[in-house]
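1. no FASTA, just this:
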């Protein structure tokens with residue numbers, strides 16, 4: 001509002017012949033990015049007003065969080081990090097780009113497997129802009145009364161235009177599934193149309209993020225609405241090593257090889273690696289130890305790999321057999337005995353039973 005009044009004042013001064021003063025005001029306005037003004041408004045506005053609610057249940061259709069600048073850590077492949085920085089710069093310097101006639105809508109869609117950092121990227125972006133994050137769980141936005149869903153959408157998008165924020169549509173495919181499926185009723189197709197219309201009606205300076213694990217399900221018309229797109233892959237070797245270092249942090253024991261952990265965790269998402277580290281650190285804290293145990297990290301990693309591969313390990317014996325098969329170089333009989341608090345004879349019996357049965361003693365999913 002202050003910027004608008006300043007612009008009107010500059011126009012009036014120019015009409016009155018005070019061109020130098022008008023030019024000074026406009027020059028000053030050009031140096032104040034719109035995102036900074038919005039961030040200041042968001043920082044000083046304690047309540048966010050009445051949040052949009054579902055017209056049927058009266059439950060809120062958005063979750064509000066306030067990511068803090070510098071507190072949200074984000075690790076992405078260098079190419080994605082550069083692309084994300086391009087998006088952030090375009091938001092922060094929108095006025096400058098607008099003056100040059102090269103501005104684009106502040107819209108970014110992220111797609112990729114679960115656990116690859118899409119939600120974390122949304123939180124990081126809101127933190128960098130110092131704006132509240134309004135997360136719309138698209139699967140919960142859909143009302144049991146289908147006609148209510150379009151009205152819910154309208155309320156959310158109207159609210160995002162009134163309050164400085166980052167609007168984040170999570171599980172985007174729940175709303176934006178491709179039209180033309182004969183199993184879809186007409187009302188569901190109208191929801192996609194309503195979504196497209198609401199996106200089109202958004203001012204270009206409204207910051208809109210979306211994320212999906214199933215990009216192949218998105219309607220073809222959705223992609224044209226997003227200027228920036230991030231394909232979030234599973235982490236490669238270098239990124240996995242960085243993730244292990246970040247998530248273990250000060251709890252990393254000196255003999256632990258992060259490179260070896262990165263090699264053994266191929267195919268896992270960043271979220272899965274983080275969970276292994278959290279579990280290992282919790283055990284270290286409860287055992288009053290300053291660092292995680294190397295064996296415990298590899299044990300939990302091996303069990304996570306098993307789950308990721310669809311293996312069901314129902315007993316300690318099946319875990320022992322799986323770990324021995326998964327990483328025999330590390331999980332010797334002595335290491336396994338120490339890890340599970342049993343004798344080496346018991347470990348040897350479990351291994352021999354596996355060999356006799358011709359399998360690992362576990363069940364496939």
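-> Alright, I've got the coordinates. Here the structure is a predicted model, which is why all the values come from computation and not from measurement.
2. The protein: strands as residue ranges?
-> According to DSSP state E, the chain carries its strands in the segments 63-65, 107-111, 133-137, 166-170, 207-212, 228-231, 311-312, 363-364.
3. Output the ones you listed in JSON lines; the columns should cover distance to residue 302, mean neighbour count and mean pLDDT.
-> Quick note: C-beta positions are derived from backbone N, CA and C, even for glycine. Below are the strands of the chain laid out as JSON lines (distance: least, CB to CB, whole Å; neighbours: other CB atoms under 10 Å; pLDDT from 0 to 100):
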{"stretch": "strand 63-65", "distance to residue 302": "34", "mean neighbour count": "14", "mean pLDDT": "90"}
{"stretch": "strand 107-111", "distance to residue 302": "30", "mean neighbour count": "24", "mean pLDDT": "96"}
{"stretch": "strand 133-137", "distance to residue 302": "33", "mean neighbour count": "22", "mean pLDDT": "89"}
{"stretch": "strand 166-170", "distance to residue 302": "31", "mean neighbour count": "26", "mean pLDDT": "94"}
{"stretch": "strand 207-212", "distance to residue 302": "30", "mean neighbour count": "26", "mean pLDDT": "95"}
{"stretch": "strand 228-231", "distance to residue 302": "29", "mean neighbour count": "17", "mean pLDDT": "94"}
{"stretch": "strand 311-312", "distance to residue 302": "10", "mean neighbour count": "14", "mean pLDDT": "88"}
{"stretch": "strand 363-364", "distance to residue 302": "17", "mean neighbour count": "10", "mean pLDDT": "40"}
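4. For burial, what's the neighbour tally of the closest residue to residue 109 other than its chain neighbours?
-> When the adjacent residues along the chain are set aside, residue 109 lies closest to residue 226, with 4.1 Å between them (CB to CB, 6 or more residues apart in numbering). Using other CB atoms under 10 Å, residue 226 has 19 other residues around it.
5. Quick check, residue 214 in contact with residue 173.
-> Yes. Counting by CB atoms under 8 Å, residue 173 is a contact partner of residue 214 at 4.6 Å.
6. Looking at the two now, which is surrounded by more residues?
-> More crowded of residue 214 and residue 173, by other CB under 10 Å: residue 173, with 21 against 14.
7. residues in contact with that one?
-> Contacts of residue 173 were listed using CB atoms under 8 Å, 6 or more residues apart in numbering, and they are 138, 212-215, 217-218.
8. Would you quantify the distance from residue 117 to residue 88?
-> 15 Å (CB to CB, to the nearest Å).
9. Looking at those two, which is more packed in?
-> Neighbours per residue, other CB under 10 Å: of residue 117 and residue 88, the larger number sits with residue 117, 26 against 19.
10. The spatially most central residue of the chain: what's it in contact with?
-> Nearest residue to the geometric centre of the chain (CA atoms, centre = their mean): residue 119, 1.6 Å. Contact analysis of residue 119 by CB under 8 Å, 6+ apart lists 135, 168, 170, 211.
11. rerun at 10 Å
-> Applying CB atoms under 10 Å, 6 or more residues apart in numbering, we find residue 119 in contact with 110, 133, 135, 168, 170, 209, 211, 271.
12. Run through the bridge partners of the fourth one.
-> Meaning residue 168. For residue 168, the beta-bridge partners are residue 135, residue 209 (DSSP bridges).
13. Hmm, residue 124 and it touching each other?
-> No. Applying CB atoms under 10 Å as the test, residue 168 and residue 124 come out as separate, 11.5 Å apart.
14. list residues touching both of those two?
-> Taking CB under 10 Å, 6+ apart as the contact rule, residue 168 and residue 124 both touch residue 133.
15. Give me the domain ranges for the protein.
-> 1-31, 44-231, 237-364 (automatic domain parsing).
16. ok now the first one, how far from the chain's centre?
-> Here the centre of mass of C-alpha atoms in domain 1-31, compared against the chain's by CA atoms, centre = their mean, to the nearest Å, lies 41 Å away.
17. what's the average pLDDT for that domain?
-> Mean pLDDT, domain 1-31: 73.
18. Quick one: neighbours of residue 322, just the number.
-> Neighbours around residue 322, by other CB under 10 Å: 22.
19. what about residue 317, distance to residue 138?
-> 43 Å.
20. More neighbours: those two, which one.
-> residue 138 (23 against 20).
21. is it true that the more buried one touches residue 167?
-> No. Counting by CB under 10 Å, residue 138 sits too far from residue 167 to count as a contact (11.8 Å).
22. can you list residues touching both of these two?
-> 156, 210.
23. Quick one: low-confidence residue ranges for the stretch 51-200 of the chain.
-> For the stretch 51-200 of the chain, residues meeting the criterion pLDDT under 70 lie at 55, 139-140, 143-147, 178-188.
24. quick one, helices of it?
-> For the stretch 51-200 of the chain, applying DSSP state H, counting those that start in this stretch gives helices covering 78-92, 94-99, 118-129, 138-141, 146-162, 173-176, 186-201.
25. Which strands or helices does the longest one pack on?
-> Packed against helix 146-162, as judged by 3 or more CB pairs under 10 Å, 6 or more residues apart in numbering; DSSP states H and E, are the following elements: strand 133-137, helix 138-141, strand 166-170, helix 186-201, strand 207-212.
26. Quick check: buried residues in the fourth one?
-> Residues of helix 186-201 classed as buried under the neighbour-count rule (16 or more other CB atoms under 10 Å) are 188-189, 191-192, 194-196, 198-199.
27. Could I get the contacting residues of residue 275?
-> Listed by CB under 10 Å, 6+ apart, the contact partners of residue 275 are 115, 247, 268-269, 300, 304.
28. mind checking the end-to-end distance for stretch 229-241?
-> Stretch 229-241 stretches 25 Å from its first residue to its last (CA to CA, to the nearest Å).
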